[in-house]
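S.K.: Need a 3D model of the following:
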Amino acid sequence: MNRRVAVAVATSLLFSSTLTFAQETPARPGSGTVTPGNFPGSGKTTSNNNGPKPYAEVITSKAKTDKGLFTTHRVEDKYYFDIPDSLLNRDILVVNRISKAPAGARAGFLGYAGDQISDNVISFEKGPNNKIFLRNISYQEVGRDSAGMFQSVRNSNLQPIAASFDIKAFSKDSLTNTKGSVIEMTDYIMGDNDVLFFDARTKRALGLNAYQKENSYINDVRSYPKNIEIKTVKTYIRSQAPAFGSGSPAASFGPSAGTPTTFELNSSMVLLPSTAMKPRYFDPRVGFFATGYTDFDANPQGVEEIRMVTRWRLEPKPGDVDKYLRGELVEPQKQIVYYIDPATPRKWVPYLIAGVNDWNAAFEKAGWKNAIVAKLPPTDDSSWSLEGAGYSAIVYKPSDVANASGPHVHDPRSGEILESHINWYHNVMNLVRDWYFVQTAAVDPRARSLRFPDSLMGQLIRFVSSHEVGHTLGLRHNYGSSSTVPVENLRNKAWVEANGHTPSIMDYARFNYVAQPEDHISEVGLFPRIGDYDKWAIEWGYRWTPPSVTPEQEVALMNKKTIEKLKDKRYWFGTETDPDDPRAQNEDLGDNAITASNYGIKNLKRIVVQLPEWTKEPNKDYSGLNELYGQVVTQFNRYMGHVAKNIGGIETTPKMVEEQGTVVEFVSRSKQKEAMQFLQLQLFQTPKWIVDNTISDYTGSNRLTTISNVQNNILGRLINNNTFNKLFRFEEENKNAYTATEMLTDLRKGIWSEIAIHKPVDIYRRSLQKSFVESLNKIINPDQAGSSIVLTPIGFSAPSSSSKTSDAISIAKAQLRTLSAEIKAALPAYKDANTRAHLLDVQDRITEALNPKD
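M.R.: I've put the predicted structure just below:
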């Protein structure tokens with residue numbers, strides 16, 4: 001979630017990964033492996049100082065031993081791994097996190113306790129001369145046919161050796177009759193490497209340089225049946241962190257360059273399953289995160305990019321297979337469990353737990369009962385660790401960051417999600433308070449203050465919890481879900497309370513801002529919930545098929561089911577990455593942005609007049625009023641953006657060849673014209689309701705700048721080469737298109753309407769009219785023209801440069817010539833000094849734009 005656009009809230013930590021398949025089950029990628037017995041001295045124990053020694057000379061009676069994945073030993077100040085031969089060449093996932101973080105050493109969202117700082121897949125293997133090699137394993141390329149491309153791909157994907165270790169001794173477990181190799185890990189753990197600690201990118205972001213080994217130490221090394229946990233304390237010399245910009249907390253308030261910074265880190269080494277989970281191949285019609293590889297055998301005449309969705313492994317217990325296949329609900333072999341950080345304030349814990357457990361209704365559609373659960377941490381399990389990669393958790397971070405995010409770690413061979421640590425920043429409550437206030441205070445009296453009742457805030461926390469858990473189940477944002485709901489249904493109390501205002505909690509639909517006071521809609525019709533799309537997505541991703549059904553066979557089965565499901569538009573997925581489809585927008589509601597925004601503006605008008613009263617707190621200043629007034633303006637800007645995206649809009653609906661209809665459609669001419677009329681009425685005709693109040697008398701806000709920023713933001717979206725190029729495409733493909741010339745003409749006539757009737761131009765419109773001219777000038781002279789358009793926090797960026805052969809330059813010049821002639825004709829009728837000065841200045845600007853100086 002993000003205060004401005006919330007794009008990245010839904011984080012999926014996809015790590016780069018190379019795969020070589022000899023058969024269906026993933027096999028070891030090309031590694032140049034030397035197996036035991038094919039190098040001198042293999043398996044022999046010797047007392048030679050240059051070779052392995054007797055076991056008892058290395059692991060002495062002073063050793064403190066911990067048995068688990070590997071047997072680990074601490075002998076005085078040295079740490080050893082005893083690696084069984086059976087675990088050589090096995091893939092091990094390494095996940096590194098911050099356990100404890102220094103104050104003031106953060107960069108944006110990074111640098112808090114619980115943050116993941118890197119992950120890798122590694123393996124240990126025996127090499128010549130009594131060595132154990134640690135290799136970084138990549139899964140980016142695949143050769144499946146052992147008689148064809150397998151060996152070629154293997155030879156071209158030799159896995160890098162990240163470290164090598166002398167075998168100090170050979171071991172043998174008398175109980176299990178397993179053999180192993182003992183290596184010393186002290187120097188490697190005490191060092192600074194990308195495998196166990198910060199990766200290079202994270203170090204740059206946090207400004208960490210010059211590792212201080214003398215000020216670092218190993219805290220603990222513990223071994224468990226399927227994982228090893230390593231705790232270290234690492235000190236670095238700090239520089240300023242440039243990666244997040246000058247506005248980041250790290251850059252503004254962090255330690256100065258050259259000062260030491262100490263972190264406590266946790267490194268989890270988790271054994272990946274010997275048999276990878278059966279993958280489910282990605283389908284763009286259902287919104288899952290994906291991982292993948294290049295397959296050299298899937299296409300006999302080329303290569304193919306294979307994408308697999310990320311999801312947890314849910315399988316029925318052996319005795320329940322028949323029940324499951326008959327359609328009975330069964331419990332999975334292994335539940336999905338999320339633990340609540342013990343540091344979480346107690347009053348919010350029930351709401352976080354409810355946000356997790358709410359997903360069980362969706363898993364029932366996939367045939368599972370009690371598939372997911374949230375718990376408090378165990379008090380009697382010494383192996384439990386908040387930082388460990390073996391446990392998923394909602395991690396509470398005492399931070400002023402107003403956000404939450406749901407990353408997950410997965411097996412690159414199959415997409416199997418292995419664990420997740422949801423980042424829950426304390427100040428996310430301020431974010432949801434702002435949203436709920438500006439979107440529902442007109443209809444919900446509980447929202448009419450700076451401090452919400454705990455019962456209301458708890459429900460807001462529950463909604464955010466469910467959304468973030470959805471990401472950790474593999475689900476992406478579904479920005480298109482809300483567009484499937486008729487706007488008028490959002491005002492229908494019975495309908496919206498029964499169905500919800502959007503079919504997906506993974507949409508950024510937030511709250512029902514369309515509802516009007518006279519509709520008397522309750523909380524259940526205002527809040528997002530896990531909806532029809534979410535239940536379908538979980539069914540699509542988590543419905544189990546027997547091992548006899550291959551992933552390739554699943555594709556046809558799932559395609560048939562998806563086609564049938566999509567006959568109901570409520571199951572549609574609209575990606576968060578399409579900049580051109582007006583159906584797929586964040587923060588919007590309903591199937592008509594114009595109608596929905598009109599309702600939203602009605603509520604904003606009701607709210608803004610009450611702001612001074614609703615934000616009043618005893619013995620406090622007007623900072624709350626200032627903040628929520630800014631939220632009102634931001635919400636208004638969102639409504640304008642929702643409508644503006646229709647102009648030049650391209651609707652893209654992914655389809656398979658078995659489906660009817662086209663994939664790409666243009667927004668109709670009538671809809672684009674309607675959008676332009678809305679913008680003229682609600683935005684370019686000065687929205688005086690925003691500034692015709694006393695708020696600026698208490699906050700010091702600049703009324704002119706407040707309105708100009710929103711107007712310039714939308715101007716930048718309309719007078720933009722990307723928009724022009726789409727309109728040119730419409731014109732070429734559709735005789736009834738809304739052309740770029742018509743769009744600019746409509747825009748000009750509305751913004752310059754005063755000169756046709758010789759009406760004086762006020763200060764707000766003068767600013768807008770200058771911005772219009774400067775925007776066209778930027779298209780004509782991208783390298784020479786100045787611009788009065790301001791870069792603002794609400795998302796405007798300057799128009800991109802025009803190609804010298806583009807029609808954009810031609811039509812921009814034509815508009816300026818027409819405007820110049822209209823100004824010339826109107827000037828004699830104007831006596832108002834300010835208007836005359838303005839028009840003469842604009843004439844000069846047009847002349848310069850059309851005849852630029854060198």
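S.K.: ok, and for stretch 441-448, which residues are buried?
M.R.: Buried residues in stretch 441-448, counted by 16 or more other C-beta atoms under 10 Å: 441-444, 447-448. Glycine gets a C-beta too; all of them are placed from N, C-alpha and C.
S.K.: Specify which member of those is nearest to residue 210.
M.R.: Comparing the buried residues of stretch 441-448 against residue 210 with C-beta to C-beta places residue 447 closest, at 50.5 Å.
S.K.: Can you name the residues that contact the closest one?
M.R.: By C-beta atoms under 8 Å, 6 or more residues apart in numbering, residue 447 lies in contact with 436-437, 440-441, 456.
S.K.: Next one: it relative to residue 635, how far apart?
M.R.: Counting by C-beta to C-beta, to the nearest Å, the gap from residue 447 to residue 635 is 13 Å.
S.K.: picking that back up, out of the contacts of residue 447, name the ones that lie in helices.
M.R.: In helices, defined here by DSSP state H, the members of those are 436-437, 440, 456.
S.K.: Out of these, flag the one nearest to residue 570.
M.R.: Ranked by distance to residue 570 (C-beta to C-beta), the ones in helices among the contacts of residue 447 are led by residue 440 at 23.1 Å.
S.K.: wait, isn't the closest one in contact with residue 522?
M.R.: No. Using C-beta atoms under 8 Å, residue 440 makes no contact with residue 522, being 11.1 Å away.
S.K.: what about the two, which has more around it?
M.R.: residue 440 (24 against 13; other C-beta atoms under 10 Å).
S.K.: Now do the same contact list for that one.
M.R.: Residues counted as contacts of residue 440 (C-beta under 8 Å, 6+ apart) are 447, 511-513, 515, 526.
S.K.: By neighbour count, which of these wins?
M.R.: That'd be residue 513 among the contacts of residue 440, by other C-beta under 10 Å, with 31 neighbours.
S.K.: how near is that residue to residue 632?
M.R.: 12 Å.
S.K.: so what sits against both of those two?
M.R.: Contacts common to residue 513 and residue 632, judged by C-beta under 8 Å, 6+ apart, are residue 438.
S.K.: before we move on, back to that, now the buried residues of stretch 441-448 as JSON lines including distance to residue 832?
M.R.: Shown next, in JSON lines, are the buried residues of stretch 441-448 (distance: C-beta to C-beta, whole Å):
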{"residue": "441", "distance to residue 832": "40"}
{"residue": "442", "distance to residue 832": "39"}
{"residue": "443", "distance to residue 832": "43"}
{"residue": "444", "distance to residue 832": "46"}
{"residue": "447", "distance to residue 832": "44"}
{"residue": "448", "distance to residue 832": "43"}
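S.K.: So which of those is the closest to residue 196?
M.R.: Set against residue 196, the nearest of these by C-beta to C-beta is residue 447 (47.6 Å).
S.K.: Show the pLDDT at that closest one.
M.R.: Per-residue pLDDT puts residue 447 at 97.
S.K.: which intervals of this protein have sub-threshold pLDDT?
M.R.: 1-49, 104, 108, 140-158, 174-176, 240-257, 296-303, 784-803, 854 (pLDDT under 70).
S.K.: buried ones in stretch 84-101?
M.R.: For stretch 84-101, the neighbour count (16+ other C-beta under 10 Å) marks 84-85, 87-99, 101 as buried.
S.K.: Show me the two of the residues you listed that sit farthest apart.
M.R.: Counting by C-beta to C-beta, the most remote pair of those is 85 and 101, 39.1 Å apart.
S.K.: Wait, a helix at residue 209?
M.R.: No. With DSSP: H, G, I helix; E, B strand; the rest coil as the criterion, residue 209 is strand rather than part of a helix.
S.K.: Distance check, it against residue 465.
M.R.: Between residue 209 and residue 465 the distance is 38 Å, computed by C-beta to C-beta.
S.K.: Neighbour count for those two, which is higher?
M.R.: The neighbour comparison of residue 209 against residue 465 (other C-beta under 10 Å) goes to residue 465, with 27 against 14.
S.K.: For the more buried one, what is the enclosing helix or strand?
M.R.: helix 454-472 (DSSP states H and E).
S.K.: Just put the contacts of residue 440 in JSON lines and tack on distance to residue 178 and secondary structure.
M.R.: Formatted as JSON lines, the contacts of residue 440 follow (distance: C-beta to C-beta, whole Å; DSSP: H, G, I helix; E, B strand; the rest coil):
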{"residue": "447", "distance to residue 178": "64", "secondary structure": "helix"}
{"residue": "511", "distance to residue 178": "59", "secondary structure": "coil"}
{"residue": "512", "distance to residue 178": "62", "secondary structure": "coil"}
{"residue": "513", "distance to residue 178": "64", "secondary structure": "coil"}
{"residue": "515", "distance to residue 178": "66", "secondary structure": "coil"}
{"residue": "526", "distance to residue 178": "61", "secondary structure": "coil"}
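S.K.: Can you tell me which of those residues is closest to residue 717?
M.R.: Once C-beta to C-beta is applied, the member of the contacts of residue 440 that ends up nearest residue 717 is residue 513, at 21.2 Å.
S.K.: Can you report how many residues lie near residue 275?
M.R.: 11.
S.K.: should've said residue 371
M.R.: If you count neighbours by other C-beta under 10 Å, residue 371 ends up with 24.
S.K.: give the contact list for it.
M.R.: 314, 331-332, 335-336, 359-360, 363, 542.
S.K.: now it: how far from residue 322?
M.R.: Separation of residue 371 from residue 322 (C-beta to C-beta): 19 Å.
S.K.: What of residue 189?
M.R.: 49 Å.
S.K.: do the same with residue 272
M.R.: Residue 272 is 30 Å from residue 322, where distance means C-beta to C-beta.
S.K.: Kindly report the same for residue 752.
M.R.: Distance, residue 752 to residue 322, using C-beta to C-beta: 75 Å.
S.K.: Same question for residue 711.
M.R.: Applying C-beta to C-beta to residue 711 and residue 322 gives a distance of 65 Å.
S.K.: more neighbours, these two?
M.R.: When residue 711 is set against residue 322 and neighbours are counted by other C-beta under 10 Å, the residue ahead is residue 711, at 25 against 11.
S.K.: I'd like to know how far the more buried one sits from residue 683.
M.R.: Residue 711 is 6 Å from residue 683, by C-beta to C-beta.
S.K.: so residue 172 sits in a strand?
M.R.: Yes. Under three-state DSSP, residue 172 sits within a strand.
S.K.: Tell me how many other residues surround the residue lying closest to it once chain neighbours are set aside.
M.R.: Distance criterion C-beta to C-beta, 6 or more residues apart in numbering; nearest residue to residue 172, sequence neighbours excluded, is residue 179 at 5.3 Å. Residues lying near residue 179 (other C-beta under 10 Å) number 14.
S.K.: quick one: contacts of the helix or strand hosting residue 179?
M.R.: Assigned by DSSP H and E, residue 179 belongs to strand 178-184. Around strand 178-184, the neighbours that count as contacts under C-beta under 8 Å, 6+ apart are 43, 55, 58-59, 71, 73, 78-86, 126, 132, 165-173.
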